[in-house]
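Participant: sequence and predicted structure are below.
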Amino acid sequence: MSTPSAIDHRATEHSPHHAYWMARASDLAHQDEATVEREAAAWRFGAVRHHRSRLTPPFPPADTQAYTLASEHMIVTAFRGTEPARIRDRLSDASTPPWPGPARTGYVHHGFGRALDSVFPSVRQALAELRDNEQTVWFTGHSLGGALAMLAGCRTLLEEPGLRADGIHTFGQPRTCDRILAAACDKEFKDRLHRYVNNNDIVPRLPPEPVYTHAATLRYIDSAGRLRGSMPRLEALSDRVKGLTADLFAPASDGVRDHLMGRYITALERNLG
């Protein structure tokens, strides 16, 4: 196994190599602006835009953030996530009202809709300004950031087709929308939406069904760290049990531990071959 030395700016479709770098970009969204700019230069992106909300607590976090990187051939927008325990507590509340989906297509979780609204005008402006060479456009994010990446992809698809994403990579994404919007994603995105779930990660199982659901796409990391497609229900249940018993003395619960972005990056790196 060898760590890929650089992101491929000419990538146009999903690959393990590209997924690894989208995971790295998601992780970078947790860093301060100076670190983002330093890494952007190292990754050969010449332009950087930062996006920050001005919302007030309790949900979404008051400091909802994202950044956009642009090069001659590629644009990446990454949305920042939040702490596992914090998002788990927020998403366990089934009483949260729905929020109208992009272009009034279905409904989304109120917190996610509000969070995206707070930064999307800045994101849209950055994409419009920076996409001057028909660059590919990619959205990515972990946890809450994954929900925002998915919804940003939906908004560009349904409201700003000229800025439509070429791919969306989410990691530990919670249930974000109702079945109407999920069906629209399944129809329109096809092989562009890549939702990664690491074994017993608790966040993808929240908020509670049946109001909210996922689009059909799934890339599952099993208890042995292997990257797989969708698994039969019984096989998936058995694999989750294996994950639960793999480390009985771990200081954090398996559901929270598997949600950590570092776990996703490590697993993707191991699957590069």
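Facilitator: Arrived safely.
Participant: remind me, longest helix of the protein?
Facilitator: Identified as the longest helix of the chain according to DSSP state H is helix 110-130.
Participant: which strands and helices sit next to that one?
Facilitator: strand 47-52, strand 65-70, strand 74-79, strand 98-100, helix 144-159 (3 or more C-beta pairs under 8 Å, 6 or more residues apart in numbering; DSSP states H and E). C-beta: built from backbone N, CA, C; applies to glycine.
Participant: so what does the shortest one touch, helix or strand wise?
Facilitator: If I follow you right, that is strand 98-100. Helices and strands touching strand 98-100, by 3+ C-beta pairs under 8 Å, 6+ apart, are strand 107-109, helix 110-130.
Participant: contact partners of that strand?
Facilitator: 107-110, 112-114, 178, 211 (C-beta atoms under 8 Å, 6 or more residues apart in numbering).
Participant: helices and strands of the protein: which one has the lowest mean pLDDT?
Facilitator: Lowest by mean pLDDT, DSSP states H and E among the helices and strands of the chain is helix 233-244, with a mean of 55.
Participant: chain center to the following helix or strand past that helix: distance?
Facilitator: Next along the chain after helix 233-244, taking DSSP states H and E as the criterion, comes helix 254-257. Computed by C-alpha atoms, centre = their mean, to the nearest Å, the chain-centroid distance of helix 254-257 equals 18 Å.
Participant: got the CA coordinates for helix 254-257 in PDB?
Facilitator: Taking Å, rounded to 0.1, in the frame of the first residue of the first chain, the C-alpha atoms of helix 254-257 are listed here in PDB:
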ATOM      1  CA  ASP A 254     -18.100   1.700  18.800                       C
ATOM      2  CA  GLY A 255     -20.800   3.900  17.100                       C
ATOM      3  CA  VAL A 256     -18.900   7.100  18.000                       C
ATOM      4  CA  ARG A 257     -15.500   5.700  17.400                       C
END
